[in-house]
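Colleague: Structure for this input, please:
(2 chains)
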There are 2 protein chains.
Amino acid sequence: MAAVNLAEMKSEEFKEFLNSFDTVLTDCDGVLWLGNTIIQGSPNAINFLKKSGKRIFYVTNNSTKTQKELLSKVVSMGFNASKEEVVSTAYLAAKYLQEQGFKDKVYVIGSTGITQEMDMVGIKHTDIGPDPMPGALTQLISQKLDPEVKAVVVGFDEHFSYPKMLKAASYLARKDCLFVATNTDEQFPMNTDLIIPGTGSIVRAVETCGARSAFVVGKPHSYISDFLVKTHKIDPKRTIMIGDRCNTDILLGKRCGFRTLLVLSGVSTLQEINSWKESKDEELKNLVPDYYIGKLGELLPRLE
Amino acid sequence: MAAVNLAEMKSEEFKEFLNSFDTVLTDCDGVLWLGNTIIQGSPNAINFLKKSGKRIFYVTNNSTKTQKELLSKVVSMGFNASKEEVVSTAYLAAKYLQEQGFKDKVYVIGSTGITQEMDMVGIKHTDIGPDPMPGALTQLISQKLDPEVKAVVVGFDEHFSYPKMLKAASYLARKDCLFVATNTDEQFPMNTDLIIPGTGSIVRAVETCGARSAFVVGKPHSYISDFLVKTHKIDPKRTIMIGDRCNTDILLGKRCGFRTLLVLSGVSTLQEINSWKESKDEELKNLVPDYYIGKLGELLPRLE
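Modeller: Residues are numbered from 1 along each chain as shown, chains lettered A, B, ... in the order given. As a prediction, this is how the structure comes out:
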């Protein structure tokens, strides 16, 4: 029984549904807000769930914000949240390196979100920002690499450039060099005619010239769940993942044994889900959520 | 019977081998020269084959040189060649667009090799060179796209940058926009500790944010063979492909029904070939050449 509309659930069933989880992981953009606009009803719904005793975690693939910056946004949007409930992939990347006992220096393709999280746990890193092509390839090749670098971390970087590809690939050729990516989202959903490339396109470029696959800390890869199980003792069987993107949020839930709830206020559509349901491709079937609802705020009349 | 050492072939068999083809496609870097250094004996061997009546084509994945520039290099290295025998992927990309009856404008990620070939056949294109990130993403997003663009061509571009990714992805979202890549080589073989990212890493980035696959004109994709069959009436069954890279040169030959000869003066090694021979993976088995030899010059004593 997949993709049940919560809005049409009978009262008894809805009560059972509510009692089936005690931890809520919620994606942010597309579920709680769109860019800088609150999705009406989402704060009240999440705050209600928290008040009724559910644990809440805000999990986002966004690598440009530190945990602290993400918390500021969550709170300013009206969510009753505290720091440890907020998990960004910049934060996770630093945590992962810390777990590995990493003592060397990181070559960062990314933004201040990543470098500030590394500063917070005392991990050395290279500078971020523009690294444009010097006059000619011979000049680029004559630049010196940093002998201390033993890890490459790739997140969203609007200053991504050919020299950064060359340096990342060259560091990745070093013995025992770690390779971490924050996430693999191909595009950013934005209200514009333009297509805004996401971290995933940068990661694929570096994976290709580096001839290696990155360890990805973001959704739909299971590290984020492993981290929450280990650090916050969540119970996957008693956890629900709420998201708007089936190939990140819902797939994470399926892989980690969570229940899954899709909101239709973001990227994925009901039409897609119905076509995946009918598909014979197991990978597509795996994108179908257990439950769906138009937007989180529609839960409010049923919760109260 | 695969991977026969030509140096150990009996005289009768070698004669049969020579009579089995009348067209020779030869890769350049790693077969004829290494960077700017001639591989000793290669010019004499190729010139001898030509004098004995074989048709020769120089086929390279390099997208930075025009057909004319490549011819200059071939001739300066001592090969007795004429223009129509020289096929670069910059030239092929322009030919492909011409074949499609393309009348609009091309957004080029690449170098003068590509734009000059387009000028030659009267195809309009955008400017090449640096396109660095303006101050902020909002500034980038406010830049206007070119309304005429209806194709994206990706080749080697040392000025590859995030703004280029965004523009390419946005053009690719247009209805009927063509998407052509010169080649998909992941890295450049170079005599340096550094890893020099090849066109393939740039192509993967654009394919990922554009959510589309490129039409590739270079090896090992069969367009290059289709072009030679159509334009120069070569007979694949009577053609041999000589190369130093199994995953481009030899694979092209296998896909197009050519005989294949690996020279060990470049990227691929005898050790790799022996391991692929034993493999149960059909894709790896497909990389094993029919024949091999240390370097082209070693054919000379047998030819003369």
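Colleague: switch to C-alpha atoms for all contacts and neighbour counts from now on
Modeller: Noted.
Colleague: Ramachandran coordinates for the residue lying closest to residue A:210 once chain neighbours are set aside?
Modeller: Among residues not flanking residue A:210 along the chain, residue A:169 sits closest, at 4.2 Å (C-alpha to C-alpha, 6 or more residues apart in numbering or on different chains). When read as degrees, to the nearest 10, the backbone of residue A:169 gives phi -60, psi -40.
Colleague: shouldn't residue A:169 be in contact with residue B:193?
Modeller: No: the criterion here is C-alpha atoms under 8 Å, and residue A:169 misses it with residue B:193 at 10.8 Å.
Colleague: which of those two has more neighbours?
Modeller: residue A:169 (25 against 10; other C-alpha atoms under 10 Å in any protein chain shown).
Colleague: Tell me, what's the model's pLDDT at that one?
Modeller: Listed pLDDT for residue A:169 reads 98.
Colleague: Over to residue A:137?
Modeller: 88.
Colleague: Could you give the number of residues near it?
Modeller: 13.
Colleague: Identify the residue spatially nearest to it, adjacent ones excluded.
Modeller: residue B:158 (7.3 Å).
Colleague: Could you say which helix or strand holds residue A:139?
Modeller: helix A:137-141 (DSSP states H and E).
Colleague: can you give me the strands in the stretch 201-304 of chain A?
Modeller: A:215-216, A:239-243, A:259-263, A:291-293 (DSSP state E, counting those that start in this stretch).
Colleague: Domains of chain A: list them as residue ranges, please.
Modeller: Taking the TED database as the reference, chain A has its domains at A:4-61+A:220-302, A:91-216.
Colleague: right, and these - which one's nearest residue B:293?
Modeller: domain A:91-216 (27.6 Å; C-alpha to C-alpha).
Colleague: Give me the distance between that closest one and the centre of its chain.
Modeller: Remark: domain A:91-216 is offset 17 Å from the chain centroid, using C-alpha atoms, centre = their mean, to the nearest Å.
Colleague: Give me every residue in chain A lying close to chain B.
Modeller: Applying C-alpha under 8 Å from any C-alpha of the partner chain, we find that chain A lies next to chain B at A:130, A:132-133, A:137, A:141, A:157-163, A:165-167, A:169-170, A:173, A:186-187, A:193-198, A:200-211.
Colleague: Buried deepest among the domains of chain A, which one?
Modeller: Most buried of the domains of chain A, by mean neighbour count (mean count of other C-alpha atoms under 10 Å in any protein chain shown): domain A:91-216, with a mean of 20.
Colleague: end to end, how far does it reach?
Modeller: 13 Å (C-alpha to C-alpha, to the nearest Å).
Colleague: ditto for stretch A:91-105
Modeller: End-to-end distance of stretch A:91-105: 17 Å, with C-alpha to C-alpha as the criterion.
Colleague: contact partners of that stretch?
Modeller: With C-alpha atoms under 8 Å, 6 or more residues apart in numbering or on different chains as the test, stretch A:91-105 has contacts from A:66-67, A:113-114, A:117-118, A:121, A:123-126, A:148-151, A:153, A:180-182, A:217-218, A:224.
Colleague: So which of the residues you listed sit within helices?
Modeller: Among the contacts of stretch A:91-105, the members falling in helices (DSSP state H) are A:67, A:113-114, A:117-118, A:224.
Colleague: Pull the number of nearby residues for residue A:74.
Modeller: By other C-alpha under 10 Å, neighbour count at residue A:74 equals 21.
Colleague: Can you tell me the SS state at it?
Modeller: At residue A:74, secondary structure determined by DSSP: H, G, I helix; E, B strand; the rest coil is helix.
Colleague: Ok, residue A:81 next?
Modeller: The local conformation at residue A:81, judged by three-state DSSP, is coil.
Colleague: what's near enough to touch it?
Modeller: Counted by C-alpha under 8 Å, 6+ apart, residue A:81 has contacts A:71, A:74-75.
Colleague: hang on, the earlier thing: tell me who's in contact with the residue nearest to residue A:137.
Modeller: Residues near residue B:158 by C-alpha under 8 Å, 6+ apart: A:133, A:137, A:162-163, B:110.
Colleague: In terms of distance to residue B:269, which of those residues ranks first?
Modeller: Ranked by distance to residue B:269 (C-alpha to C-alpha), the contacts of residue B:158 are led by residue A:137 at 27.7 Å.
Colleague: just to revisit the earlier point, and of the contacts of residue A:81, the nearest to residue A:12?
Modeller: Among the contacts of residue A:81, and counting by C-alpha to C-alpha, the member closest to residue A:12 is residue A:74, at 32.1 Å.
Colleague: Now do the closest residue to that closest one other than its chain neighbours against chain B, distance only.
Modeller: The spatially closest residue to residue A:74, leaving aside those adjacent along the chain, is residue A:81, at 7.1 Å (C-alpha to C-alpha, 6+ apart). Separation of residue A:81 from chain B (C-alpha to the nearest C-alpha, to the nearest Å) stands at 29 Å.
Colleague: Need the phi and psi values for residue A:81.
Modeller: According to degrees, to the nearest 10, residue A:81 has phi -120, psi 160.
Colleague: quick one: it from residue A:68, how far?
Modeller: 11 Å.
Colleague: repeat for residue A:127
Modeller: 21 Å.
Colleague: rewinding a little: could I get the ones in helices among the contacts of stretch A:91-105 in a markdown table, plus columns for pLDDT and distance to residue B:254?
Modeller: A markdown table is the format used below for those (pLDDT from 0 to 100; distance: C-alpha to C-alpha, whole Å):
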| residue | pLDDT | distance to residue B:254 |
| --- | --- | --- |
| A:67 | 97 | 53 |
| A:113 | 97 | 48 |
| A:114 | 98 | 46 |
| A:117 | 98 | 50 |
| A:118 | 98 | 49 |
| A:224 | 97 | 44 |
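Colleague: Next up, the contacts around residue A:197.
Modeller: Residue A:197 touches A:186-188, B:165-166, B:169, B:209-210, counting by C-alpha under 8 Å, 6+ apart.
Colleague: ok, and the closest non-adjacent residue to it?
Modeller: Nearest to residue A:197 is residue A:187, by C-alpha to C-alpha, 6+ apart, at 4.5 Å.
Colleague: Which residues are in contact with the one you found?
Modeller: Contacts of residue A:187 by C-alpha under 8 Å, 6+ apart are A:195-201, B:209.
Colleague: Mark which of those residues are part of helices, please.
Modeller: Reading helices off those with DSSP H, I get A:199-201, B:209.
Colleague: Closest to residue B:301 out of the residues you listed?
Modeller: Nearest member of the ones in helices among the contacts of residue A:187 to residue B:301, counting by C-alpha to C-alpha, is residue A:201, at 50.7 Å.
Colleague: For that closest one, which non-adjacent residue is closest in space?
Modeller: Per C-alpha to C-alpha, 6+ apart, closest to residue A:201 is residue B:205, 4.5 Å.
Colleague: Need the CA coordinates for the helix holding residue A:139. CSV is fine.
Modeller: C-alpha atoms of helix A:137-141 as CSV (Å, rounded to 0.1, in the frame of the first residue of the first chain):
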residue,chain,number,x,y,z
LEU,A,137,47.9,26.1,-19.4
THR,A,138,51.7,26.0,-19.0
GLN,A,139,51.3,28.7,-16.3
LEU,A,140,48.6,26.7,-14.5
ILE,A,141,50.7,23.6,-14.6
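Colleague: ok, and what's touching it?
Modeller: So helix A:137-141 is in contact with A:133-134, A:163, B:158, B:194, going by C-alpha under 8 Å, 6+ apart.
Colleague: 10 Å instead, please
Modeller: Contacts to helix A:137-141, defined as C-alpha atoms under 10 Å, 6 or more residues apart in numbering or on different chains, come from residues A:132-134, A:162-163, A:166-167, B:158-159, B:192-196.
Colleague: How is residue A:158 classified with respect to secondary structure?
Modeller: Residue A:158 - assigned by three-state DSSP - is coil.
Colleague: so which residue of the stretch 1-150 of chain A comes closest to chain B?
Modeller: residue A:133 (6.1 Å; C-alpha to the nearest C-alpha).
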